[in-house]
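Peer 1: this is a predicted model, with the sequence first.
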Protein chains: 2
Amino acid sequence: MVPQASLTSFFNPRAIAVVGASKTEGKIGHSVVKNAIDSGFKGGIYPINPKETEIMGLKCYPSVSDIPGPVDLVAMVIPAPAILPVAEECGRKGVKNLVTITAGFKEIGKEGLERERKLLDICHRYGMRMLGPNCLGMMDTHTPLNVSFAPGMALKGGIAFVSQSGALQAAILDWSFRNGLGFSRFVSLGNKADLSEVDFIADAGDDPNTKVILVYIEGVTDGRRFLSVAREASRKKPVIILKSGTSQAGAQAASSHTGALAGSDLAYDTAFKQAGVLRARSMEELFGLAVAFTNQPTPKGDRVAIVTNSGGPGIIAADAVEANGLAMARFQKETVDALRNGLPPECALYNPVDLIGSADGARYKFALDLVADDPATENLLVLLTPPDQAEPMKTAEAVVDIHRRHPDVTVFASFMGGERVAGAMDYMFKNGVSVYDFPEPAIQSIKGMVRYGKMRQLAAVGRPERIEDVDKKLVANVFEKVRDDHRRVLLGSEAARVVRAYGIPSAPAVLARDPEEAAQAADSFGYPVVLKVASPKILHKTDVGGVKVGLKTPEEVQKAFVEILDNIHRFLPGHVIHGVEVYKMMPQGTELIIGLSRDLQFGHLLMFGLGGIYVNLLKDVSFRLVEGLTRNEIEAMISETKAYTLLRGFRGAKPADVGAIVDALARVAQLARDFPEITDIDINPLFAYEKGEQPEGITALDVKITIS
Amino acid sequence: MVPQASLTSFFNPRAIAVVGASKTEGKIGHSVVKNAIDSGFKGGIYPINPKETEIMGLKCYPSVSDIPGPVDLVAMVIPAPAILPVAEECGRKGVKNLVTITAGFKEIGKEGLERERKLLDICHRYGMRMLGPNCLGMMDTHTPLNVSFAPGMALKGGIAFVSQSGALQAAILDWSFRNGLGFSRFVSLGNKADLSEVDFIADAGDDPNTKVILVYIEGVTDGRRFLSVAREASRKKPVIILKSGTSQAGAQAASSHTGALAGSDLAYDTAFKQAGVLRARSMEELFGLAVAFTNQPTPKGDRVAIVTNSGGPGIIAADAVEANGLAMARFQKETVDALRNGLPPECALYNPVDLIGSADGARYKFALDLVADDPATENLLVLLTPPDQAEPMKTAEAVVDIHRRHPDVTVFASFMGGERVAGAMDYMFKNGVSVYDFPEPAIQSIKGMVRYGKMRQLAAVGRPERIEDVDKKLVANVFEKVRDDHRRVLLGSEAARVVRAYGIPSAPAVLARDPEEAAQAADSFGYPVVLKVASPKILHKTDVGGVKVGLKTPEEVQKAFVEILDNIHRFLPGHVIHGVEVYKMMPQGTELIIGLSRDLQFGHLLMFGLGGIYVNLLKDVSFRLVEGLTRNEIEAMISETKAYTLLRGFRGAKPADVGAIVDALARVAQLARDFPEITDIDINPLFAYEKGEQPEGITALDVKITIS
């Protein structure tokens, strides 16, 4: 892991300067100074403008060098062409951080790109960190400090929001005032020339004022670093990311099953999962989860208790519990008995608890106390519709009381209606209860929180292991030979040797140059054998008469060899082949696939699932990034597939040796780690045999490997 | 189709009476009278209460009989025990409709159930229709009339809302005041003793004031009638239903693959789809779609154009377009050229059109005019984030103008932010543009609307055809014999005869009583053959040595027959079998399944998908109700499966005879229509062969039929 430089002087500088400060309202240079003053920042604020002596009551300096004391952070809002000398000056002055709000860099093309590169050089030379260029700026509500031209200061709260879209962020800020949403930090990334989401995720992970980290990005800057940083941060607090651009990505050029089934959004999806990051699928989900995590503990489990005063909404909520893969809490007998003793006989005592339309605040309080005390209640959702007898505010007070007294239970509420419930909803929201207009989004938030809890548990276990009994040298030699041969695709027999060198059982295979060699190989394997023409360029070998199966004697093998050569000569005149490969025929097992492809951002992506010719049709596959992959995660990736149901012993069949499959996946991962030049592997089919039968374990039947 | 009695006198009575009217505020009898007066009802309102002479300025009568003129509708809010004589009196008076608000009927158990039955008898006797009992009442905002104890009158609008939960409905009413949502009708179903969702869907379908029909139910009262009524109504206007109780339903007792894979919520899902009903998955979706349909046309197609002033939200919306299976509109060259000529060079001219942060109202107007004129624009989403240069209100005016001038384009808007965009959002909402806080729910609404458009197209084509070349008599005889035998499950050979009688090719099969009969049958079929013990009670025939495959001569057949008998004798001593069945072995084809199960509410449910032993694992199946099933729908059900990809010719294989499969499904549907006593059919596997090869078409290999 790359150690993170602290951003303390960035978020909590001793003094700041604004280069390009202006007296004219409406100008960005005016907004930034005004925001800084209005934010209540305790340190010095130095407007810089050679044409002014004073701006908004502050003494104005002609340049950064003229400032008497130290300056930790300089915001730049001058035109792009003037930026470089000012940055240079900042470096000489000992400034630690730049916030380059100015646009006119990478986003405008070649000229801007060059300017951005030079700006970054200056930063590196002086050890300055930089936000932007081309950004809205940043805020820290706890410092407090606002170095941005956003329309005002965010409300104080526990959400650190980092966004690649400044416009979106400004809109969210405006929206947050209306919804009472509070932030700890508010960072607009801009072009990410230096500081990127990774730096802010790492720093927010350690920030005591931040309870949840919210990120909007269109792509990450450094996939590997992102993985390790996000993994670390999400152990401390929830990291929730909305990543857009899924539609543009498209699938990668597909030279393998794995590549065809993957596509780059899948790499992001997998990376987020492995890093313990919650991926939000919409803006609504992003902020819904943020609010929930700000005020609620991480759920102990997935059980939900529902208390309502009408049946319909209770049923709707219970449906949502099941649809979201959560469980309805089953109360213990004592709870049900106590409810029965204190409630009218028409009430429903089992979950959902229906207090019926006549329920007043006291009845809610009575039932909520009992339900929240029940050990099965890990998450609580309180519903209310407003008939005349309902007391929304008294009920809200009871809900807030439960939230205070049960810090380990998540508490959600949906009081449905308009004016009659508005005050109660507001009161609960202000007191840390997560409130929703309808039951379903509340349940969806619980689902997200439970998912985070589970991911954090899983992520905490184990580290990738190093497998020692592998023959790295042999593989290096094979790859060297392939490269010498000006090839990128290995022959089947070469690929089989490679996986075998890494301890993965594979069907005996040999490249034969003449009929005698072929017969010899067959003799050594034992019969029956298969002959296949050896030529990576022939994709459909069967179609050109390049495959002969079920050969049972040396004579049949020799004859088949000659026939294959004849067929190739006839169908593909002039085509030069490498020879003919002899494979031992293996008994049929359950057909699986192990695949590997390389993502530009996140490195190797491992795939597992149902194999055979229907791979692309059935798409029963799961993925993990090789980076940091643990044995636990390999087990999880197997159990996510339908293939797993087969392997456990389906319809009376004996279970397969799942341990051997876990081992094979770990070995393929090791191979990828040891040889980054591998772009694709397809082991398809991999036969898995029933435990206790002969043959045992697994065997790779057909292996394709491509290197770069 | 059952002809619908008109509900004109129900929603637009000449005069109404309220039995149990009260002077005391807070009493239901007071609320109902007050609501009726406040609603502005033009007809007579007669409070009925023997103890009063006047209520709220209206003359009070001691009983319904005492009212001088005719009364079309009587609301009853007296205690349940007093209901029956009053209903009787209403009947004698010639009252046409009752609204029984009073509770204390079916919902309280046996005594109430008996009372409800008697009340219904009275209604039937006098030809009265009744809403309730145990309901909130009803409103028609266009009459106008409010006969309910809801907290006020709904705003006038185009949504007919019918709900099985009164509490939910009251909450929605309260909520609707805040959101400016208008209703045409507002009906609380209560116990549905007489009038049910079916009656109100049918009537709202013909109501000129209703633009969209919204229903919340926990179950339908009459599945078959629901199907025909909803199908009819959804041809005229959108019917959107939230059906809860999915989690309680659980899977049916599974005597077949189809039953196990179906479950009763699936029957609802299928019924809704075939009836052209949109199923909402949440309250939010229900009302989101309602609002969209009230103001927007049915989309011409699935193409979406997006206009924005910032990149991030544009990308988020484009992602949502892809994620929801919609298409991004591709503008014609003229549009792009015109945009280029009028916009700053930094703008993005292709969809999403990005007018960048400096866009004012005029720039939006310019771009929107061009985009809306492009024939590819079938749905339009306008996004705005509020930088300083933005003019939300002027932009809103441009959007409303587009909405007015392009009645065939759906127009949606998401102006993100708080106070700065609130006025603009409000203005657009009031002028019929569908507005959303974020882009994703707007796209989701478009998806729902497009789905409705497609369903309506599909539903309009064809009627179920009657297949004539079937031998109904033969099947009736087989079933009679099975019943005489005190069985419910047919033997394999019997089931094969049944499907063959309905024109579905199946492998020759015969029940043999002795080795000679078996050998004779085998001779007549040709070899090889399979022998299977004939006993519906033995589930795993192979495990008890009850199956012998690949028999090639009469001698082998005779020997196998004896061995099977020996095995059964050994493994299951005392077990009486029906004999041994001889099957001709058929060449391997693509393994499919055709299934049928019976839903209590909606009748027979047909299933199609990938067959073989992995059916339950792969779950690649689709469903349709037999009721009203057309050939088009059968084709659609096949094309929904992955099996269809195989059948079209996968990985170089020749395509199968899909027409033969369509025919087989139509024939199974016919069989189910002709024999309602069939509870389950499993044809698994059904082999489909490649076109132009021998054998051709399809063959049923193994058929299981259960009757009741």
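Peer 2: Received it, and whenever you're ready, just let me know what you need. Residues are numbered from 1 along each chain as shown, chains lettered A, B, ... in the order given.

Peer 1: okay, now A:D471: neighbour count?
Peer 2: Applying other Cβ atoms under 10 Å in any protein chain shown, we find 14 residues neighbouring A:D471. (C-beta placed from N, C-alpha, C; glycine too.)

Peer 1: same check, this time on A:D702
Peer 2: Neighbourhood size, A:D702 [other Cβ under 10 Å]: 18.

Peer 1: what of the one 3 residues further on?
Peer 2: When counting by other Cβ under 10 Å, one arrives at 28 neighbours for A:I705.

Peer 1: you'd agree it is up against A:I681?
Peer 2: Yes - contact criterion Cβ atoms under 8 Å: A:I705 and A:I681 qualify, at 5.2 Å.

Peer 1: list residues touching both of the two?
Peer 2: Shared contacts of A:I705 and A:I681, defined by Cβ atoms under 8 Å, 6 or more residues apart in numbering or on different chains, are found at A:A495.

Peer 1: show me what from the stretch 201-350 of chain A comes close to chain B.
Peer 2: A:216, A:218, A:242, A:244-248, A:281-284, A:309-313, A:315-316, A:318-323 (Cβ under 8 Å from any Cβ of the partner chain).

Peer 1: among these, which are in strands?
Peer 2: Among these, the ones falling in strands (DSSP state E) are A:216, A:242.

Peer 1: most centrally placed residue in chain A?
Peer 2: Centrality entry for chain A: nearest residue to the mean C-alpha point is A:F272, 1.1 Å, by Cα atoms, centre = their mean.

Peer 1: just the residues of the stretch 201-350 of chain A next to chain B: which are in helices?
Peer 2: A:246-248, A:283-284, A:311-313, A:315-316, A:318-323 (DSSP state H).

Peer 1: quick revisit: tell me the SS of the residue nearest to the centre of chain A?
Peer 2: For A:F272, the assignment made with DSSP: H, G, I helix; E, B strand; the rest coil gives helix.

Peer 1: I figured it hits A:L242, correct?
Peer 2: No - applying Cβ under 8 Å, one finds A:F272 not in contact with A:L242, separated by 10.7 Å.

Peer 1: which residues do those two both contact?
Peer 2: Common neighbours of A:F272 and A:L242, using Cβ under 8 Å, 6+ apart, are A:R279.

Peer 1: for chain A, name the helix or strand with the lowest mean pLDDT.
Peer 2: Lowest on mean pLDDT, DSSP states H and E among the helices and strands of chain A sits helix A:257-262, with a mean of 50.

Peer 1: apart from its chain neighbours, what residue comes closest to the residue of chain A most remote from its centre?
Peer 2: When distances are taken from the C-alpha mean of chain A, A:E555 lies farthest, 56.9 Å away, according to Cα atoms, centre = their mean. Nearest residue to A:E555, sequence neighbours excluded (Cβ to Cβ, 6 or more residues apart in numbering or on different chains): A:A519, at 7.9 Å.

Peer 1: so who does the one you found touch?
Peer 2: Contact analysis of A:A519 by Cβ under 8 Å, 6+ apart lists A:554-555, A:557-558, A:561.

Peer 1: and it, which of the three is it?
Peer 2: Three-state call for A:A519 (three-state DSSP): helix.

Peer 1: now the one 5 residues further on
Peer 2: In terms of secondary structure, A:S524 is helix; the call rests on three-state DSSP.

Peer 1: residues near it, how many?
Peer 2: A:S524 has 11 neighbouring residues, counting by other Cβ under 10 Å.

Peer 1: same check on A:G26?
Peer 2: 8.

Peer 1: ok, now A:G44?
Peer 2: 18.

Peer 1: so what's the nearest residue to it once chain neighbours are set aside up against?
Peer 2: In space, and not counting its chain neighbours, A:G44 is closest to A:A15: 3.5 Å by Cβ to Cβ, 6+ apart. Listed by Cβ under 8 Å, 6+ apart, the contact partners of A:A15 are A:43-46, A:67, A:69-73.

Peer 1: can you pick the most crowded of those?
Peer 2: In the contacts of A:A15, the most neighbours by other Cβ under 10 Å go to A:L73, 27 neighbours.

Peer 1: where does that one land on pLDDT?
Peer 2: The model reports A:L73 with a pLDDT of 98.

Peer 1: list phi and psi for it.
Peer 2: The phi and psi values for A:L73, taken as degrees, to the nearest 10, are phi -140, psi 130.

Peer 1: and the residue of the stretch 201-350 of chain A nearest chain B?
Peer 2: Here the stretch 201-350 of chain A gets closest to chain B at one residue, A:G312, 2.7 Å apart by Cβ to the nearest Cβ.

Peer 1: report how many residues lie close to that residue.
Peer 2: For A:G312, the tally of surrounding residues (other Cβ under 10 Å) stands at 26.

Peer 1: re earlier: could you measure from the residue nearest to A:G44 over to chain B?
Peer 2: 28 Å (Cβ to the nearest Cβ, to the nearest Å).

Peer 1: I'd assumed A:Y364 was in a helix, is it?
Peer 2: Yes - under three-state DSSP, A:Y364 sits within a helix.

Peer 1: distance between stretch A:596-605 and the chain's centre?
Peer 2: Stretch A:596-605 has its average C-alpha position 14 Å from the chain's average C-alpha position, going by Cα atoms, centre = their mean, to the nearest Å.

Peer 1: let me fix that, I meant to ask about stretch A:615-634.
Peer 2: 14 Å.

Peer 1: CA atoms of that stretch as CSV?
Peer 2: Backbone C-alpha positions of stretch A:615-634 (Å, rounded to 0.1, in the frame of the first residue of the first chain) are rendered in CSV as follows:
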residue,chain,number,x,y,z
VAL,A,615,-20.8,-20.6,-21.4
ASN,A,616,-21.9,-17.5,-23.3
LEU,A,617,-25.5,-18.6,-23.4
LEU,A,618,-25.9,-19.4,-19.7
LYS,A,619,-23.6,-16.8,-18.3
ASP,A,620,-23.4,-18.6,-15.0
VAL,A,621,-20.1,-17.0,-14.0
SER,A,622,-18.7,-14.9,-11.2
PHE,A,623,-15.7,-12.6,-11.1
ARG,A,624,-13.0,-11.4,-8.7
LEU,A,625,-9.9,-9.2,-9.2
VAL,A,626,-6.7,-11.1,-8.6
GLU,A,627,-5.3,-8.1,-6.7
GLY,A,628,-5.5,-9.0,-3.0
LEU,A,629,-7.7,-12.0,-3.6
THR,A,630,-8.0,-14.3,-0.5
ARG,A,631,-9.1,-17.9,-0.3
ASN,A,632,-12.3,-16.7,1.4
GLU,A,633,-13.2,-14.6,-1.6
ILE,A,634,-12.5,-17.5,-4.0
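
Peer 1: hmm, it touching chain B?
Peer 2: Yes - counting by Cβ under 8 Å from any Cβ, contacts between stretch A:615-634 and chain B involve A:617-618, A:620.

Peer 1: same deal with stretch A:73-87?
Peer 2: No - remark: stretch A:73-87 sits outside contact range of chain B, by Cβ under 8 Å from any Cβ, the gap being at least 14.0 Å.

Peer 1: which parts of that stretch are buried?
Peer 2: Neighbour-count burial for stretch A:73-87, with 16 or more other Cβ atoms under 10 Å in any protein chain shown as criterion, is recorded at A:73-78, A:80, A:83, A:86-87.

Peer 1: and for stretch A:618-632?
Peer 2: A:618, A:620-631.

Peer 1: just give me the neighbour total for the closest residue to A:I707 other than its chain neighbours.
Peer 2: Excluding the flanking residues, the one nearest A:I707 by Cβ to Cβ, 6+ apart is A:E677, at 4.7 Å. Per other Cβ under 10 Å, the neighbour tally for A:E677 reads 12.

Peer 1: now A:E677: how far from A:L596?
Peer 2: Distance of A:E677 to A:L596, given as Cβ to Cβ, to the nearest Å: 12 Å.

Peer 1: just A:Q296 next, same as before
Peer 2: Separation of A:Q296 from A:L596 (Cβ to Cβ) stands at 40 Å.

Peer 1: tell me which of the two has more neighbours.
Peer 2: When neighbours are counted by other Cβ under 10 Å, A:Q296 and A:L596 differ, and A:L596 comes out ahead with 26 against 22.
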